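Engineer: I need the structure of the sequence given here:
(chains A and B)
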Amino acid sequence: MNFGTPLLLLIVLFLFAVPIQAADFEKDIAPVLIEHCLECHQPNKKSGGLDLTSFIMMKAGGDQGAVLVLGNPKESLMIQRIEAGEMPPKEGRGLKAVASADLLKFKEWISEGAKWPANRTLGIHERKVDLKAAREFWSFQKVKRPAIPKVKDASRVSNPIDSFIISKLEANNLSLAQPASKGNLLRRASLGIRGLPPTLEEQDRFLKDQRPDSYLSLVEQFLGDPAHGEKWARHWLDLVRYADSNGYERDAAKPSVWKYRDYVIAAFNNDKPYDRFVLEQIAGDELPEPSFETMVATGFHALGTWQDEVDPLEAAQYRADEVDDLIRTTTQTFLGLTIGCARCHNHKFDPLTMVDYYSLGAILSPLKRPNQGRTDADIPYGNFGKLYRLVESSTKPNPTHLLLSGRASNLGPEMKPQVPAVLAPQQPEFPEKGKQTSERRLALAQWLIQKDNPLVSRVIVNRVWQQHFGVGLVATSSDFGQMGARPTHPELLDWLAHWFVHDAKWSLKELHRLILLSETYRQDSFHREAAALVDPENKFLWRFPYKRLDIESIRDSMLSVSGNLNKSMQGPGIFLPVPDVVIEAHTDKQAAWKAESGNVINRRTIYAFVKRTLTLPLLETFDFCDTTQSSEKRSSTNVAPQALTLFNSQFVNHQAEQLAFRLLRDFKDDQGMQVEMVFKLCLARSPTESEKAAMLSFLQKESKAIQMDATKAPSNIEHRAMVQACRVMLNLNEFLYPN
Amino acid sequence: MGDLYQREELGKALLQTRRNFILQAGAGFAALPLATILGRDGFFNSQAIGSETSSPLRTPAPHFSKKAKHCVFLFMNGAPSQVDTFDHKPALDKYHGKPYAGKTKVGSNGRAIGYLMRSPFEFNRHGKSGLEISSLFPNTALHADDLCVLKALYTDTAAHSSGCLQMNTGSPLTGKPSLGSWLSYGLGSLNESLPNYVVMTDPRGGPIGGAPNWGNGYMPAKYQGTLFRSGGTPLLDLSNPMGVDQRSQRYALDFLNELNQQHLQGRSNESDLHARISNYELAYRMQTSATEVVNIDNESSEIKNMYGVNNPLTADFGRKCLVTRRLIEKGVRFIQLYSGGGHIESTWDGHNDCITNHKTHAAETDQPIAALMMDLKQRGLWDDTLLVWGGEFGRTPTSEGVNKPGRDHNWLGFTMWLAGGGVRGGQAIGETDELGFEGVKDRYHVSDLHATILHLMGFDYRHLTYFYNGLDQKLTGTLERKIITKAID
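Structural biologist: Just a heads-up that it's a prediction; the model follows:
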């Protein structure tokens, strides 16, 4: 091989190219430092004690001494390390080696005395993202409606959902399970749509209804029940970090925050189109015709924690933390993106930059809390009453700055309102100034609900899917980015997203209806060995997923079957009774929690006051969400304290007593009927013969033992024995895991 | 293994992972030995003794071999004053009563900085090391050669709620997993019939900021701290419901099991159902084991006296310390004891009269803490147990007014101590300025302390991570931290 020619070329390059074109700092030097060095050599990290963001710091060198010898690139340690291939390090950071042409320029720059423009500080926010390549990522592409696939066995296709699911099953030599029994389907749909079990009357009616569309009318009935909004609003409240108090030392109540909760319930019950729902929450105050309702909706921004005691020295940083909460909640909830990482650093995995992050900050940071000192305040709205929200008080807000390394003390360049660049080849128009407010949020909201926004529709249909099937088509329902899961059924997801916007006109009830009426939803949930071998995680839905109820559905079901459920809606949060040990461990003990009594404590769990420094043990034990940040999904843990809580707690045992009372009252002197009915109430089915026998024998044995144990004449033996049987019913696996 | 679930749950010790393991191994759940099932679905759902063979639960393996197995955090709630305890400042005698005119801005919420105030407590050198300790801690001082006093710690906030949260979770913002959660997550459980992370609050109330101080944040609920009482019924819902005796409890459990077994016949592959069935038996055994662990009747009177259980002043904290030793013997990983609860003077928060305040709280805790140290040593548990003493920050060397011997909050320089497993005792690390306002030498941030605690417990703070919200989350945040290497033996 002849080495002559390249070597000659190199010499020629060295002789001519370098002296002819002098190195330009902004063009030749800054990009090299930014792309290859600043990841580690910046004030936040200072690896090796070295900071390369300014000339002073570069000149100062690092732990190994000077890195730069002016006029002498050969003697400069930084050049030596780069040429030795040691910098940037090969492992870990994904940094590319410095190209030889860039290196030549760099050496030339040092030879010429390393001229650095005055006051120029480099920042890692200047790192470039290849947007064109980034937009190729699946979730950033426009939603297109795919063709509905053909399936071999069309007998189980009830709507397009089934076509997509069955086609994938068939491709894997799998099939849907048998249709679930009428009784199982009834309980599943009732809990799934309303979070409550079917009543005895509903069971009776549906099981006797032989019309072909009996299930359709059942679904309609459930979707029309106000209980539907109460069930689904809770899922939304998880996403928007809802709580009734602010957290921290005083943990004071957020005054009228419950009106936001009631707004969400009503929105779901009235089937408010999702685009409108988004618009009202983000910019309900900036709409051309705002109303009390849209103002309440804007309370969305105000739901986060609030530290009312911030030292003046910390105030700027705390303010940055508050804005961070607004940015993260908004992007995760509506876009399914985790942009929070870009606060200090361009996102490591997604094409989301610090500029994107702080541009969103420019949209949201004009919002301020209307507190008076440490007192959190409501805002009056005409004659309509008070409401709780953040406010914008200026039509042209103060400038927002990028914060270098996320620190409020380290101001970077000024930021204009913008949406993340990767999602918007063309930026929406943000007004120079608005009428009452900046109207930047209005522009953001309108951009979100454009029909071709690639994420908003995909994210919401996936969230609804997740609640029905336990796992979303995208398993990470608030992370549609690189680190998120890929869709198991990309075509189905896109079909649903497109259909939801164009056919269903953003109607969530239409979406529920479509899902509920699919054969995929209506199949049974039993394990099949052969299918499990192929698809152990049931990703392809060869059965209806078998999953535990959430704690709200567990508690509300207990209240429902005991006959205690108080169905009244709306109003301030209820302080449910709390065990002493929890009160004792609170700073303010009794003052923190004035438990209510009477019938209000039997209201649905969504109306329970959520205090950030004192979580109800029943909720905490059963995986209630973290109320400080947007929660995409509840955990479903399975630990011994849950057994203690369900078996021994005052609440459950009280419901058992009431249920026993109800049975003995309504089915007096007919033990067979009592046993029949307790199964119907709790499990929406009759007991099997052996279950019936087991319960009758338990009742007999328990009654006898109570009689024997008694020191004096026992009373209420029948009731006491039945209480124990009911306690067991409320603890059954099947009670928590519907078929 | 399904990336779907691993990505979704983001943690490691997952039920789903276990389920996948079982399915992959081709074994029905019922084929697993009961002990294994119990170990996995135990209180904090991690390896039980003897079940580590082929455990599919991937708690992160410790990174270092030499490590403590248990950690006891003696939380002096309200913030003890460094200049009255371990940070002797003779200059304060000289300037006593003078208004402070320096530049250091401490104190809370813009309150006036006040007048310099000497400590009324005598400082003496103790042990071979000659460590300086004030007269507030005559008993702790007997263990001077075991204490590693950190004199120049600093934090980011001067508010109690944020300060407690920062000390407990590494962040002044509410909602992050606490140190105990990280250690439970990292170390797993040694005893399935007791909680792995125990919190005992003060009878006067809990710390400011409430339950988030022992919260699990974005981790699953099984990693949260469990409130524990040091006597009677230690755990919530541990006793039978009112009017239900042991016989009736057993009958009901048997009947529950009978119906669940019948139901299982069509569902034998559902590991969650098996786990729930096991949990009821485990809960039943916990009714005994948890009650036993707080029953100190069989402790000798010598031991009880050593802890001060019979002296009303020390009874509460003494009992907690004694129960702490019993919990350690049973394998519990992380125990946090609070001295002080509620507000101001019922905690170490001596705004009005720091002198009386500290006399009281020190007297309540000094003997019990020294007893715990003694007891751990005599039982061979010393090297396995890391002790951490301190509050959320320190106090100013100034008083809040003339003739008002109260001290305000100081977040720029304060003292804590470490002792026990892996700690080099008999030394003080770091210095504050002449007056005790601000650290000037070997300053360490609270997150540096956390990194050091993790190190002593066997973990590299950079690698004990939990994936959440697009990021490998750490107790110590995203910045690089300094391990307090001098503190490590």
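Engineer: Do I have it right that B:F228 meets B:Y197?
Structural biologist: No - counting by Cβ atoms under 8 Å, B:F228 sits too far from B:Y197 to count as a contact (9.6 Å). Backbone N, C-alpha and C define where each C-beta goes, glycine included.
Engineer: Tell me which residues touch the residue in the stretch 351-489 of chain B that chain A sits nearest to, please.
Structural biologist: Using Cβ to the nearest Cβ, the single residue of the stretch 351-489 of chain B nearest to chain A is B:G470, 3.2 Å away. Contact analysis of B:G470 by Cβ atoms under 8 Å, 6 or more residues apart in numbering or on different chains lists A:338, A:340-341, A:347, A:349-350, A:479, A:481, A:483.
Engineer: and which of those residues is nearest to chain B?
Structural biologist: For the contacts of B:G470, the nearest to chain B is A:T338 (3.2 Å; Cβ to the nearest Cβ).
Engineer: What sits closest to the closest one if chain neighbours are left out?
Structural biologist: Spatial nearest neighbour of A:T338, excluding adjacent residues (Cβ to Cβ, 6 or more residues apart in numbering or on different chains): B:G470 at 3.2 Å.
Engineer: any low-confidence regions in the stretch 401-550 of chain A?
Structural biologist: Within the stretch 401-550 of chain A, no stretch has pLDDT under 70.
Engineer: meant to ask about chain A
Structural biologist: A:1-21, A:92-93, A:711-713.
Engineer: In terms of residue numbering, what are the domains of it?
Structural biologist: For chain A, automatic domain parsing gives the domain ranges A:14-119, A:154-179+A:455-534, A:273-448, A:650-736.
Engineer: excluding its backbone neighbours, what's nearest A:H489?
Structural biologist: Nearest residue to A:H489, sequence neighbours excluded (Cβ to Cβ, 6+ apart): A:L473, at 5.2 Å.
Engineer: and the one you found, how many neighbours does it have?
Structural biologist: 26 (other Cβ atoms under 10 Å in any protein chain shown).
Engineer: what secondary structure does it sit in?
Structural biologist: coil (DSSP: H, G, I helix; E, B strand; the rest coil).
Engineer: Can you tell me the centre-most residue of chain A?
Structural biologist: In chain A, the centroid-proximal residue (Cα atoms, centre = their mean) is A:E632; its distance is 2.4 Å.
Engineer: residue contacts, it?
Structural biologist: By Cβ under 8 Å, 6+ apart, the neighbours of A:E632 are A:238-239, A:332, A:463, A:476-479.
Engineer: Mind doing that once more with 7 Å?
Structural biologist: A:239, A:477-478 (Cβ atoms under 7 Å, 6 or more residues apart in numbering or on different chains).
Engineer: Secondary structure added to the residues you listed, as JSON lines?
Structural biologist: Formatted as JSON lines, these follow (three-state DSSP):
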{"residue": "A:L239", "secondary structure": "helix"}
{"residue": "A:S477", "secondary structure": "coil"}
{"residue": "A:S478", "secondary structure": "coil"}
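Engineer: which one of these has the most neighbours?
Structural biologist: Busiest of the contacts of A:E632 [other Cβ under 10 Å] is A:S478, holding 27 neighbours.
Engineer: three-state assignment of the closest residue to that residue other than its chain neighbours?
Structural biologist: Excluding its sequence neighbours, the residue lying closest to A:S478 (Cβ to Cβ, 6+ apart) is A:E632, at 3.7 Å. Under the three-state scheme (three-state DSSP), A:E632 adopts coil.
Engineer: Provide a list of residue ranges in chain B with pLDDT below threshold.
Structural biologist: Ranges of chain B meeting pLDDT under 70: B:1-61, B:66, B:106-110.
Engineer: Cool, thanks, talk later.
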